[in-house]
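> One predicted model, sequence on top.
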Amino acid sequence: MFSRRSILRSAAAVTALSLPFSGSAWADEPLPVVASFSILGDLVAQVGGEHIALTTLVGADGDAHVYQPTPQDARAVAGAEVLFVNGLEFEGWMERLVESSGFGGMQVVATDGIEAIAFDEHDEHGDEHDGHDDHDDHADHDDHGDEHGHGAHAFEWAGLFDLKAGTYQWSFAKVDGDYADPAMKMVMLAASDIEAVEEAAEGLLEADASDIKMGGDTLIAADMAYALTFDADKDITLFTVEITEDGTYAFFTEHMPFEFEADAHFFKDTSGADVEPIAQEPEGDHHAHGHDDHDDHDDHAEEGHDDHHGHNHGAFDPHAWQSVDNAVIYVNNIAAALAKADPENAAAFEANRAAYVAELEALEAEIEASIGALPAEQRTVVTPHDAFGYFAQSYNIRFEAPQGLSTESEASAADVAKLIEQIREEGINAVFVESITDDRLLKQIANETNAVIGGTLYSDALSGEDGPAATYLDMMRHNVVTLSQALGS
């Protein structure tokens, strides 16, 4: 099997034979690689070195919990031969991005082989997931369809429209500051009714191939699925719909289109008048669900899309990189994937892996010595969100967080009150803010308990190059020094 790079190299070699000899050898074409967020990106860079061309989607100081992919991200993923993701439902937006980009390379879940910590705090998941045998079932977002209410269908909504030939406008708007999903598939077919083309539409939606459309592009009724990508920098993304002949047309979408409404109907003609379907699945009047009744809209959002980033209610804690032993597993998985994608540079990847693992092992010894020097009664840490479960498990230190596993979730008044009481009872003298979270809640807790702000910890993202956590090694050392200084004082 030939990759795009091997074909390019072969072509280059043939060309070289016809050219005069040059003293400079043909340089290897770097392997195009994408990593989902900054910490994983650094680990990939350490192994790949000069042999990869790396794009990191969620950069320094970025919050992957609430990230909205951009059209540039879709293009980067489309051009990649290897896509590295954390897995464990950390990047809830990734599946849609992969689908919309038409990515055809190798996707690597960097947490494969890690013994994941089941998330059973304050919810029903604890009783459902005893142990870690079903790790893989949760790493690949297999429940995504049901999560959004698709049931047995590849589409969530279908509408039949009686249309005159002409130009129309289909819009997707942010509601409460976010799109219901950063991308979605859509099929438009000439049809007498929905059921007549339902099977054909589902086949198109489920097919790997789709036509990527960015905001402003034109859609026509054709035997294809459009992968629509929305502009995260704009409050509304518009697409033009061209109808060439009078007739009835069935539209199929992965999500309810009225979930993307703010103040305007999703489908209009050139005069700006709303165009309503003459039939739809599920049945019922659009306005009973849509923007004219925001209470109903909000109820639906809470049932199906309050977790549209896919992170709040995962079965496992995704922050596995907070254990250095786990980081070694990440690195081993990365090296194996790069060697498979680019066997000509496998020896270089293995050398980089071995050298970096040696640095990780030295870091592990530093952390164990620093945390081990803390008295047992001074090993309780308060942070905004619960990102340090693996650190706690590995280094015998306890973390408390009012916000839960995701920065998207909000701490309840009861949880905050309980935490304040615990800080007072246990005499916890320091709380810590995080680089990716709003620190107002922690400052409020510190004020009410007389605890001090012990410093800033880096949980889900690296700092910029000039910051204290520009690499994974720097991040872990910074966090340990910050904890040790505050807790040991």
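Arrived safely. Numbering: from 1, shown residues only.

> Next, count neighbours for the closest residue to Val381 other than its chain neighbours.
The spatially closest residue to Val381, leaving aside those adjacent along the chain, is Phe399, at 4.9 Å (C-beta to C-beta, 6 or more residues apart in numbering). Heads up, the C-betas are built off the backbone N, CA and C, glycines and all. Phe399: 20 surrounding residues under other C-beta atoms under 10 Å.

> right, and Thr248 touches Ala221 too?
No - using C-beta atoms under 8 Å, Thr248 makes no contact with Ala221, being 10.4 Å away.

> Of the two, give the one with the bigger neighbour count.
Taking neighbours as other C-beta under 10 Å, Thr248 and Ala221 compare with Ala221 leading, 20 against 16.

> Phi and psi next, for that one.
Torsion angles at Ala221 (phi, psi; degrees, to the nearest 10) stand at phi -70, psi 120.

> got the contact list for it?
Listed by C-beta atoms under 8 Å, 6 or more residues apart in numbering, the contact set of Ala221 reads Met188, Leu189, Ala190, Ile243, Thr244, Tyr249.

> before we move on, the earlier item: then the residue nearest to Val381 would be within a strand, right?
Yes - checked against DSSP: H, G, I helix; E, B strand; the rest coil, Phe399 lies within a strand.

> going forward, begin numbering at 481 instead of 1
All set: I'll call the first residue 481, so the last point we hit is now Phe879.

> Give me the domain ranges for the chain.
Listed by automatic domain parsing, the domain ranges of the chain are 507-627+789-833, 637-785, 851-967.

> Straight-line length of the last one, end to end?
Distance across domain 851-967, first residue to last, is 10 Å (C-alpha to C-alpha, to the nearest Å).

> what about it, average pLDDT?
On average, the pLDDT along domain 851-967 is 75.

> Likewise for the second one?
Domain 637-785 shows a mean pLDDT of 82.

> one step back: narrow the contacts of Ala701 to just the buried residues.
The neighbour count (16 or more other C-beta atoms under 10 Å) marks Met668, Leu669, Ala670, Ile723, Tyr729 as buried among the contacts of Ala701.

> Just give me the residue closest to the centre of this protein.
The centre of the chain sits closest to Glu571, judged by C-alpha atoms, centre = their mean, with a distance of 2.3 Å.

> Contact partners for that one?
Contacts of Glu571 by C-beta under 8 Å, 6+ apart are Ser516, Phe517, Ala544, Tyr547, Val565, Gly790.

> Swap in 7 Å and give it another go.
Glu571 sits next to Ser516, Ala544, Val565 when contact means C-beta atoms under 7 Å, 6 or more residues apart in numbering.

> Could you look up the SS state of it?
Classified using three-state DSSP, Glu571 is coil.

> any idea how far the residue nearest to Val861 is from Lys693?
44 Å (C-beta to C-beta, to the nearest Å).

> same thing with Phe796?
Distance from Phe796 to Lys693, by C-beta to C-beta: 35 Å.

> between those two, who's got more neighbours?
Comparing Phe796 with Lys693 by neighbour count (other C-beta under 10 Å), the higher total belongs to Phe796, at 27 against 19.

> Could you verify my assumption that that one touches Ala596?
Yes - under the criterion of C-beta atoms under 7 Å, Phe796 makes contact with Ala596 at 3.9 Å.

> any chance of the buried ones among the contacts of Ala701 in a markdown table, with secondary structure and distance to Met736 too?
Listed next are these as a markdown table, based on DSSP: H, G, I helix; E, B strand; the rest coil; distance: C-beta to C-beta, whole Å:
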| residue | secondary structure | distance to Met736 |
| --- | --- | --- |
| Met668 | strand | 17 |
| Leu669 | strand | 19 |
| Ala670 | strand | 23 |
| Ile723 | strand | 22 |
| Tyr729 | strand | 18 |
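
> Which member of those residues is positioned nearest Leu840?
Using C-beta to C-beta, Met668 comes nearest to Leu840 of the buried ones among the contacts of Ala701, at 51.5 Å.

> Contact partners for that closest one?
Counting by C-beta under 7 Å, 6+ apart, Met668 has contacts Leu699, Ala701, Tyr729, Phe731.

> can you do 8 Å?
Neighbouring residues of Met668 by C-beta under 8 Å, 6+ apart: Leu699, Ile700, Ala701, Ala702, Tyr706, Val721, Tyr729, Ala730, Phe731, Phe732.

> re the thing from before, shared neighbours, Thr728 and Ala701?
Residues touching both Thr728 and Ala701 (C-beta under 8 Å, 6+ apart): Ala670.

> Show me the strands in the stretch 781-930 of the chain, by range?
860-862, 878-880, 910-914 (DSSP state E, counting those that start in this stretch).

> From the chain's centre, how far out is the first one? Work that out for me.
The chain centroid and the centroid of strand 860-862 are separated by 28 Å under C-alpha atoms, centre = their mean, to the nearest Å.

> helices and strands around that strand, which ones?
Packed against strand 860-862, as judged by 3 or more C-beta pairs under 8 Å, 6 or more residues apart in numbering; DSSP states H and E, are the following elements: strand 878-880, helix 893-906, strand 910-914.

> Kindly recompute the last result at 10 Å.
helix 869-875, strand 878-880, helix 893-906, strand 910-914, helix 920-929, strand 932-937, helix 952-967 (3 or more C-beta pairs under 10 Å, 6 or more residues apart in numbering; DSSP states H and E).

> swap in the second one?
Applying 3+ C-beta pairs under 10 Å, 6+ apart, one finds that strand 878-880 contacts strand 860-862, helix 869-875, helix 893-906.

> about what we covered before: distance to Gly521 added to the buried ones among the contacts of Ala701, as a markdown table?
Output for the buried ones among the contacts of Ala701, formatted as a markdown table (distance: C-beta to C-beta, whole Å):
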| residue | distance to Gly521 |
| --- | --- |
| Met668 | 38 |
| Leu669 | 41 |
| Ala670 | 45 |
| Ile723 | 44 |
| Tyr729 | 43 |
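
> and of those, the nearest to Asp805?
Met668 (50.9 Å).

> how near is the closest residue to Phe746 other than its chain neighbours to His545?
Spatial nearest neighbour of Phe746, excluding adjacent residues (C-beta to C-beta, 6+ apart): Pro737 at 4.4 Å. Going from Pro737 to His545 by C-beta to C-beta gives 26 Å.

> go on, Ile723?
Distance of Ile723 to His545, given as C-beta to C-beta: 40 Å.

> One more: Met956?
For Met956, the distance to His545 (C-beta to C-beta) stands at 20 Å.

> what does Asn832 give?
30 Å.

> who's more crowded, those two?
His545 (26 against 22).

> and that one, which of the three is it?
helix.

> Report pLDDT for it.
Value for His545, per-residue pLDDT: 79.

> Test my guess that it contacts Asp866.
No - taking contacts as C-beta atoms under 10 Å, His545 lies outside contact range of Asp866: 11.9 Å.

> State the helix or strand in which the nearest residue to Val578 once chain neighbours are set aside lies.
Once flanking residues are discounted, Val578 sits nearest to Val557: 6.4 Å by C-beta to C-beta, 6+ apart. Taking DSSP states H and E as the definition, Val557 sits inside helix 551-558.

> Please enumerate residues in contact with that helix?
For helix 551-558, contacts defined as C-beta atoms under 10 Å, 6 or more residues apart in numbering pick out 512-514, 516, 535-538, 547, 549-550, 563, 573-574, 576-585, 587, 662-663, 692-695, 707, 709-713, 717.
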